[in-house]
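S.K.: sharing a sequence plus its predicted fold:
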Amino acid sequence: MTQFDLLRKTELKINRILLKNANLTDVAANVADTLGLAHREVVVVDYRDESITLDILNGCVNAYNIVGKKEQLLDKLGTLPGVHVSDEANVRSDGMLGWISLDEEPAKQALLKSEQMVSEIMSNIARRVIVFSSGAEVAEKQIADTNTPTIMKHLESEGYKVSEGNTLKDDKLYIYSKLREAADIGGYGVIITTGGVGAEDKDQTVEAIKELDSEAATPYICYFKIGTGRHVKDGIKIAVGKYNDTLIIALPGPNDEVKASLNIIVKGLKNDCSKTVLAENIAGNLRKILREKVSNHHMH
């Protein structure tokens, strides 16, 4: 269903219509029925100089229920007691509601074409990815960023268009602002970050994502006792959240863990997995890798 935001242009005027003892509730109900709206979503707000002004309380309407409905609307109103619709009657609005007066078939063809264009644009956006590394040691070139090239190479081989973002500083507000900027105006369907998910006070990526999406999935990879070493948090988490339809995935910093997550991410994107399912699939695999690392360490 093609929904259009009315952008506050919610008034609809019907001119050259005479009322005499008419029931305004019935008038509003007939307009609502014609436009496929609930009766509570249409009210008459004024009648003067042979013009009825109605307000549409639903700010987002189905375009196909609007286009070309002028004659149907006027005919329906003309059947109501106390309502006389003159031959010069017309329907007008300063916004998208004015589509009521358009010729139905050409307007529907235009809608169909716009739907196809929007679908193509959304498909392209969904396959645009930006990758952010994090940490002062990466920003200051003390260590090489091996994660971004790894992610770019893998996702590009899967047909995604991948860009490299700035290195994120260890600051929650900075991370929040950069991720929000990429989601709001960058035109990216997916954001991937690496690093900054640990248990130290400098690790703020998960917290920043939670600011963007309070319902982000943040499963644990492992647990720590707070106060052990530099741990001020009780464990390492990853995060998968959504902001403005952009999926945000926070991975750990070790390159082998990033590599091990990429096939899971691609599969999740192709299957349109929920953020909870995708996060748990990534986390479950990383927990398995960590257990193997610990086991091998003990064996040695």
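M.R.: Yep, that arrived. Here the structure is a predicted model, which means the values were calculated and not measured. Numbering: from 1, shown residues only.
S.K.: can you tell me the element N124 falls in?
M.R.: In the assignment (DSSP states H and E), N124 maps to helix 104-126.
S.K.: let me know the next secondary structure element after that helix.
M.R.: Criterion used, DSSP H and E; the element after helix 104-126 is strand 128-132.
S.K.: in the helix or strand just after that following strand, what's buried?
M.R.: Using DSSP H and E, the helix or strand that follows strand 128-132 towards the C-terminus is helix 136-139. Neighbour-count burial for helix 136-139, counted by 16 or more other C-beta atoms under 10 Å, picks out V138. In short, each C-beta sits where N, CA and C put it, glycine included.
S.K.: now do helix 136-139, average pLDDT.
M.R.: Averaging pLDDT along helix 136-139 gives 79.
S.K.: repeat that for stretch 243-257.
M.R.: Mean pLDDT, computed over stretch 243-257, is 95.
S.K.: starting at the chain centroid, how far to that stretch?
M.R.: With C-alpha atoms, centre = their mean, to the nearest Å as the basis, stretch 243-257 stands 17 Å off its chain's centre.
S.K.: buried stuff in that stretch?
M.R.: Across stretch 243-257, burial judged by 16+ other C-beta under 10 Å covers Y243, T246, L247, I248, I249, A250, L251, P252, G253, P254, E257.
S.K.: and the residues you listed, which is closest to N124?
M.R.: Distance to N124, by C-beta to C-beta, is smallest for T246 among the buried residues of stretch 243-257, at 13.6 Å.
S.K.: wait, the closest one touches G187, no?
M.R.: No: with contact defined as C-beta atoms under 8 Å, T246 does not reach G187; the gap is 9.1 Å.
S.K.: ok, and what's touching stretch 165-180?
M.R.: Here stretch 165-180 makes contact (C-beta atoms under 8 Å, 6 or more residues apart in numbering) with 130-136, 138-139, 145, 182, 191, 193, 196, 202-205, 207-209, 211-212, 243, 248.
S.K.: got the buried residues for that stretch?
M.R.: Result for stretch 165-180 [16+ other C-beta under 10 Å]: buried residues G165, T167, L168, K169, D170, K172, I175, Y176, K178, L179, R180.
S.K.: helix/strand/coil for the last one?
M.R.: Which is R180. Here R180 is recorded as helix under DSSP: H, G, I helix; E, B strand; the rest coil.
S.K.: what's the first-to-last distance across stretch 136-146?
M.R.: Chord length of stretch 136-146, first to last residue, is 15 Å (C-alpha to C-alpha, to the nearest Å).
S.K.: ok, now stretch 116-136?
M.R.: End-to-end distance for stretch 116-136, by C-alpha to C-alpha: 44 Å.
S.K.: buried stuff in it?
M.R.: Buried residues in stretch 116-136, defined by neighbour count with 16+ other C-beta under 10 Å: I125, A126, R127, R128, V129, I130, V131, F132, S133, S134, G135.
S.K.: what pLDDT does the residue nearest to the last one when sequence neighbours are not counted get?
M.R.: The spatially closest residue to G135, leaving aside those adjacent along the chain, is G195, at 5.0 Å (C-beta to C-beta, 6 or more residues apart in numbering). G195 carries a pLDDT value of 93.
S.K.: these two touch, right, G195 and A136?
M.R.: No: counting by C-beta under 8 Å, G195 stays clear of A136, with 10.5 Å between them.
S.K.: how many other residues sit next to L19?
M.R.: As a burial measure, L19 scores 17 neighbours (other C-beta atoms under 10 Å).
S.K.: can you tell me how far it sits from V138?
M.R.: 71 Å (C-beta to C-beta, to the nearest Å).
S.K.: which strands and helices sit next to the longest helix seen in the chain?
M.R.: Scanning the chain for the longest helix, with DSSP state H as the assignment, gives helix 275-299. If you count contacts as 3 or more C-beta pairs under 8 Å, 6 or more residues apart in numbering; DSSP states H and E, helix 275-299 packs onto strand 220-223, strand 239-243, strand 246-251, helix 255-270.
S.K.: thank you kindly, that will do.
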